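Colleague: show me the folded form of this:
(chains A, B, C and D)
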There are 2 protein chains.
Amino acid sequence: MEKDPLNNPALCSAIAERFKALSDSSRIRILALLRDADELNVSSIVTGTDINQASVSKHLSLLKQVGIVHVRREGNQAFYSIRDQKILDICGLVCEGITERMKEDNSALGL
Amino acid sequence: MEKDPLNNPALCSAIAERFKALSDSSRIRILALLRDADELNVSSIVTGTDINQASVSKHLSLLKQVGIVHVRREGNQAFYSIRDQKILDICGLVCEGITERMKEDNSALGL
DNA sequence: TTTCCATATTCCTATAGTAGAATATAGATA
DNA sequence: TATCTATATTCTACTATAGGAATATGGAAA
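Modeller: Residues are numbered from 1 along each chain as shown, chains lettered A, B, ... in the order given. Got it, this is the predicted structure:
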């Protein structure tokens, strides 16, 4: 294993690629929905997010490809679940960062 | 504060936006460089990453805009530093996720 | 002021990403 | 087999983004 992964350009690309998978608000919303349920089929996600079926399918396919979610097929349905639970921690940290920044910006304005 | 940030579509967009800022390998490399130094001027980053000066400037500007880095101007130089230290934890978690996934994929192949 | 240096910005081009409609696939049921 | 349902894929138009060359800005030095 690399001691300092961020000094490895190839790993930097892999990291960037994973962030890219998280860089779309539709996908974040899908993950939020999946977090609150063990697994969901595509139709539930479509109704739960109000995102076009084709889009949901494509987003799920991308999330699966990068290893963030997992599919279980049963009959003609596909049940998706979060495979990499770290994703939730990561989103949590990002939330903290965002809210902290908002606080700092506010206090900089004297609020 | 929102109890469940991921149920808030606006926050989902903010989260996605922040991930987008991290979704480029040039920016990850710049952050890697900044992590190992307290602060760096633009020229040092250009030589340290071997990325075009205009690109470095644009990437830094984006990272600043979303609150990930901070600038201190002195004379005609601009010294950049990481403002949101959580970013480093986040990158670390992503690294773990990537390597874990590689392990899983390998063992799935019987390696 | 003229010149030099560091950084930022503009302009252009190429590429990639998204949404949505339409269509394809494939399992389930009649 | 014909049909229905769930999901995936294709196609198209649109928008966003990155890289690089050229240029602009603005502080420092001559």
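Colleague: can you give me the helices for chain A?
Modeller: With DSSP state H applied, chain A shows helices at A:9-21, A:25-35, A:42-49, A:53-65, A:86-108, listed in chain order.
Colleague: low-confidence stretches in chain A?
Modeller: A:1-6, A:111 (pLDDT under 70).
Colleague: 50 - rerun?
Modeller: A:1-2 (pLDDT under 50).
Colleague: near DNA strand C, which residues of it?
Modeller: With Cβ under 7 Å from any atom of the strand as the criterion, chain A meets DNA strand C at residues A:20, A:23-24, A:26-27, A:51-55, A:58-59, A:62, A:75-76. For every residue, glycine as well, the C-beta is placed using N, CA and C.
Colleague: give me the buried subset of these.
Modeller: Among the residues of chain A next to DNA strand C, those classed as buried by 16 or more other Cβ atoms under 10 Å in any protein chain shown are A:20, A:23, A:24, A:26, A:27, A:51, A:59.
Colleague: got the residues you listed as TSV, with distance to residue A:105 columns?
Modeller: Formatted as TSV, these follow (distance: Cβ to Cβ, whole Å):
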residue	distance to residue A:105
A:20	26
A:23	22
A:24	25
A:26	27
A:27	26
A:51	31
A:59	31
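Colleague: coming back round to it: out of the helices of chain A, which is the most enclosed?
Modeller: Across those, averaging neighbours per residue (mean count of other Cβ atoms under 10 Å in any protein chain shown) puts helix A:25-35 on top, at a mean of 22.
Colleague: quick one: check that one for contact with DNA strand D.
Modeller: No. Against DNA strand D, helix A:25-35 shows no contacts by Cβ under 7 Å from any atom of the strand, the least distance being 11.4 Å.
Colleague: picking up where we left off before, need the max-distance pair from the buried ones among the residues of chain A next to DNA strand C.
Modeller: Using Cβ to Cβ, the two most remote members of these are A:20 and A:51, lying 18.5 Å apart.
Colleague: enumerate the residues of chain A near DNA strand D.
Modeller: A:41-43, A:46, A:53-54, A:57-58, A:60-61, A:71, A:76-79.
Colleague: run the contact check for stretch A:12-22 versus chain B.
Modeller: Yes. Interface with chain B: stretch A:12-22 contributes A:12, A:13, A:14, A:15, A:16, A:17, A:18, A:19, A:20, A:22 (Cβ under 8 Å from any Cβ of the partner chain).
Colleague: other residues contacting that stretch?
Modeller: A:5-6, A:27-28, A:31, A:62-63, A:66, A:68, A:87, A:90-91, B:15-16, B:19-20, B:22-25, B:27-29, B:32, B:91, B:94-95, B:97-98 (Cβ atoms under 8 Å, 6 or more residues apart in numbering or on different chains).
Colleague: 7 Å instead, please
Modeller: Stretch A:12-22 is contacted from outside by A:6, A:27-28, A:62-63, A:66, A:68, B:19, B:22-25, B:28-29, B:32, B:91, B:94-95, B:97-98, using Cβ atoms under 7 Å, 6 or more residues apart in numbering or on different chains.
Colleague: and stretch A:68-82, by the same measure?
Modeller: Contacts of stretch A:68-82 (Cβ under 7 Å, 6+ apart): A:21, A:31, A:34-35, A:38-42, A:60, A:63-64, A:83-84, A:87.
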